[in-house]
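[1] Build me a model from this:
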Amino acid sequence: MRIIAKIARAELRSLFYSPIAWVVGIAFFLLTGLRFVIMMYMYSIWQEGMQEVSSTWDGWGHSLTNMMFDGLYETVTNYLYLFIPLLTMGVINKEFNAGTIKLLYSSPVKPRDIVFGKYLGLMGFICILFLLLILLMSAGAFSIGNMDFHVLPGALLGYFLLAATYVSIGLFISSLTNYQIVAGVFTFVVFFLLQIMGTVWQQYDLVRDLTWFLSINGRVRSLASGLITSRDLIYFLVIIAMFIGFSLIRLRSFHEMVGWRTNLSRYLSIIAVSLLIGYFSSRPGYILYADVSRNEQNTIMPVTQDVVAELGNDTLKVTLYTNLFDPAMHHGLPQARNKYIWDFWEKYIRFHPNIQLNYVYYYDLMDRDTAAFHARYPNKSIHEIAEENATASRLSVDRFKMPQEIRKIIDLSEEEKILVMQLAYKGKKAWLRVFPSRPEPWPLEMHVSAAIRRLTGTSMPEMLFTTGHFERSPFKAGEKEFRISTTYKAGEESLINEGIDTDTIDLAQQDIPDSTAVLVIADPKSAYTETEKEKILSWIAKGGNTIFYGEPGKQQMLNPILQTIGVKLENGTIVKPTKDEMPHIFEPVITSPGNRMADEPFLFRYRNDKRMTLRHKFAGSTAVTVQEKDGFKAEPVFMQYGDDSTWIENGVLVVDSAAPVYAPAEGDLRMTQYATAVKLSRKVNNKEQRIVVTGDADFMSDFRGKGGPFANAAYSWLVYNEFPKYTNRPLPIDTKFLIGEDTGRILYIVYLIVLPVVFIIMGIIILVRRNRK
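    Sure, this is the predicted structure:
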């Protein structure tokens, strides 16, 4: 060890006497701090301005820790990639060029002493660079209020392991050639290969996992985000050990008289052992995790963990069906398998290792698409087209099942024969759909939770839409219909993917089943018969949850039913003439009770934000009034506050002509406030009954944005918020800088001017004194 320590000190000393090392050190400090300090300075200026403009300004609304240190991550990793080859390109070959290697071999110095001594000397210099980096990170840490300090150790660990890996590679490359420039270039090449290794040969089952393991891409980002895994730690240690081993073999080959076959076998042995360790250390279910970030940002939410725990120790089988003719098929091909496993399923496998992933590749068409498809590919059979597409994807068409083969196995026509997953558990099956309209098409936690709950015996709520009176439909696609928010399988916000099933019921022919979760009466355009009314009233009387969608001009269809619970849809239409929009279109606010009905993302995000008022556009609404009776408690959900430009128009309303004029003589009425939706609740048979009444149905239609920020909050509230399982994360608290413009300017001057100048002067003094000696 003493010899290793002496060589390490000598190497570190030589670096301090090297102009290249001083240039690298100063450039690293300056370049890593440049973006970081400038951002901090600019934000401190903007923050002071915001605080002067508004006394209620409450921060930037996003995590400053993530913003500042994500940028630092990009900077550090890029410059380590650039600078380390400059440090290592001459570390071994300079001994050969100067002839000192022979003196080392003639002394009681072993090759391992040289390798470990050189390596530790270089790492000593890296540690000095990291002290400068810690200085920079400390400035950020003390400048951000409520900063997430937990991620800093993980980030430093990631940067250090990356630097240690690069140094071990550069050390080996420098032993292969006597030319420093060549060594530097080859070191860059190896770094590049490790970056892209995870994208090569991914279509081949034999080597896919090995090349994925060898890839260095993304591993530091995981550590920097606060997720420390045994897989990443073992990866860095294995790669470091592998290249140090290569260096030992290389130096021993000059010291020992052995043949090239012996050296080759040594190299291959190290590679084999490294790959073996890497393969088994990255197997799902054999990885240890520590999420040190605030609120465990890299981990599925506790509510999702509880759902996954319902699986017990039994196997969950997941089959991914990939159609070669699907535009989104590239997400499901073998080339993307590791991305599919590690980017999507890993976070669930962490809590339930017994997930079995299967893959089925096929090509087939929906019957309606056949003619158009052949018009696109004239004079070719479906099999010839499939062969062309497979070849373009660098795959053999033999891997894909033909239409007649896949149809014997499963009927995928209900899923439009697109990319889809089927979950199987204890004989039950459920679909888990993807959403190709997003850059990353995989389902969110709430979708996975819903699919798993379908398998574990959870009773899934069912909403029934009444039919027979031209009501809005959950199955029709149209601007006034409700399909996209309820039964649209490709919609990530659709209720079917969030665990709420939807069907229709004809009250003239059917009774309302007791198992119904919610009865939906959506804008009937003809009157219900007495029998149908009796069924609805009986449902309400026994505590059934219901939502009524009203519309101006059709109040008489619902008022006979609503009056029994003290609710009335007022005559006329609310108007608010403006220069920009038709008079019947306005934007009422979502009230505090409405905001708290469910944890829809926008509602959750702005629930306690006094600066933000959430609104959604209504296109023709009547006012909803309530006289509480029979134990009901009523609260407004949407509210339009009154002013001189708002009233209830009871005359003839022409929306695409001259603006209406307030005319009390024609029955027009002004109010201090106009509720356009209300919620009611009461206790019935030891259970809370919930009812929602709206004066407009269009605000939830496909054309009008499906409720906007309100989204599916009413439906969730009506099923007691059991579905969907919302996974909103706590809002960031590190949203303000603690420094002002003056402090920001001082940091800017110190980090970008004073300290670099001090380091330059120190370097010049040391180098000049060295040359004089």
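
[2] which one's the longest helix in the protein?
    helix 19-53 (DSSP state H).

[3] Quick check: buried residues in that helix?
    By neighbour count on 16 or more other Cβ atoms under 10 Å, the buried set for helix 19-53 is 21-22, 24-26, 28-33, 36-37, 39-41, 43-44, 47-48. All C-beta spots, glycine's among them, are computed from the backbone N, C-alpha and C.

[4] I'd like to know which elements that helix is packed against.
    With contacts taken as 3 or more Cβ pairs under 8 Å, 6 or more residues apart in numbering; DSSP states H and E, helix 19-53 sits against helix 64-88, helix 111-141, helix 741-749, helix 755-772.

[5] give me that answer again for 10 Å
    Judged by 3 or more Cβ pairs under 10 Å, 6 or more residues apart in numbering; DSSP states H and E, helix 19-53 is in contact with helix 2-16, helix 64-88, helix 111-141, helix 741-749, helix 755-772.

[6] Of all these, which one comes closest to Val200?
    helix 64-88 (18.8 Å; Cβ to Cβ).

[7] Next, the angle helix 19-53 makes with that closest one.
    170 degrees (axes from the mean of the first three to the mean of the last three Cα atoms, to 10 degrees).

[8] angle of helix 64-88 against helix 2-16?
    Using the same axes, to 10 degrees: helix 64-88 against helix 2-16 is 100 degrees.

[9] what mean pLDDT does helix 64-88 have?
    Helix 64-88 comes out with an average pLDDT of 89.

[10] So what's the gap between it and the chain middle?
    In terms of Cα atoms, centre = their mean, to the nearest Å, the centre of helix 64-88 is set 23 Å apart from its chain centre.

[11] packing partners for that helix?
    Counting contacts by 3+ Cβ pairs under 10 Å, 6+ apart, helix 64-88 is packed against helix 19-53, helix 111-141, helix 151-174, helix 180-196, helix 219-224.

[12] so can I have a markdown table of those showing distance to Ile382?
    Listed next are the helices and strands packed on helix 64-88 as a markdown table, based on distance: least, Cβ to Cβ, whole Å:
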| stretch | distance to Ile382 |
| --- | --- |
| helix 19-53 | 53 |
| helix 111-141 | 58 |
| helix 151-174 | 49 |
| helix 180-196 | 35 |
| helix 219-224 | 42 |
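
[13] Kindly export the lengthiest strand in the chain (C-alpha atoms) in CSV.
    Ranked by residue count, the top strand of the chain under DSSP state E comes out as strand 673-684. The C-alpha trace of strand 673-684 is given here as CSV (Å, rounded to 0.1, in the frame of the first residue of the first chain):
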residue,chain,number,x,y,z
GLN,A,673,-75.1,35.1,-8.2
TYR,A,674,-76.1,32.3,-10.5
ALA,A,675,-75.3,28.8,-9.5
THR,A,676,-74.9,26.7,-12.7
ALA,A,677,-74.3,23.4,-10.9
VAL,A,678,-75.0,22.3,-7.3
LYS,A,679,-74.3,19.2,-5.2
LEU,A,680,-76.6,17.8,-2.6
SER,A,681,-76.0,15.2,0.1
ARG,A,682,-77.9,13.6,2.9
LYS,A,683,-77.9,10.4,5.1
VAL,A,684,-80.2,7.6,3.9
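
[14] Which SSE is immediately downstream of it?
    strand 687-694 (DSSP states H and E).

[15] as a whole number, average confidence for that next one?
    On average, strand 687-694 scores 97.

[16] could you dump the following helix or strand past that strand to PDB, C-alpha only?
    Next in sequence after strand 687-694, counting helices and strands by DSSP H and E, comes helix 713-718. The C-alpha trace of helix 713-718 is given here as PDB (Å, rounded to 0.1, in the frame of the first residue of the first chain):
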ATOM      1  CA  ALA A 713     -64.700  15.300 -10.400                       C
ATOM      2  CA  ALA A 714     -68.500  14.900 -10.200                       C
ATOM      3  CA  TYR A 715     -68.400  11.200 -11.200                       C
ATOM      4  CA  SER A 716     -65.600  10.600  -8.700                       C
ATOM      5  CA  TRP A 717     -67.600  12.300  -5.900                       C
ATOM      6  CA  LEU A 718     -70.700  10.300  -6.800                       C
END
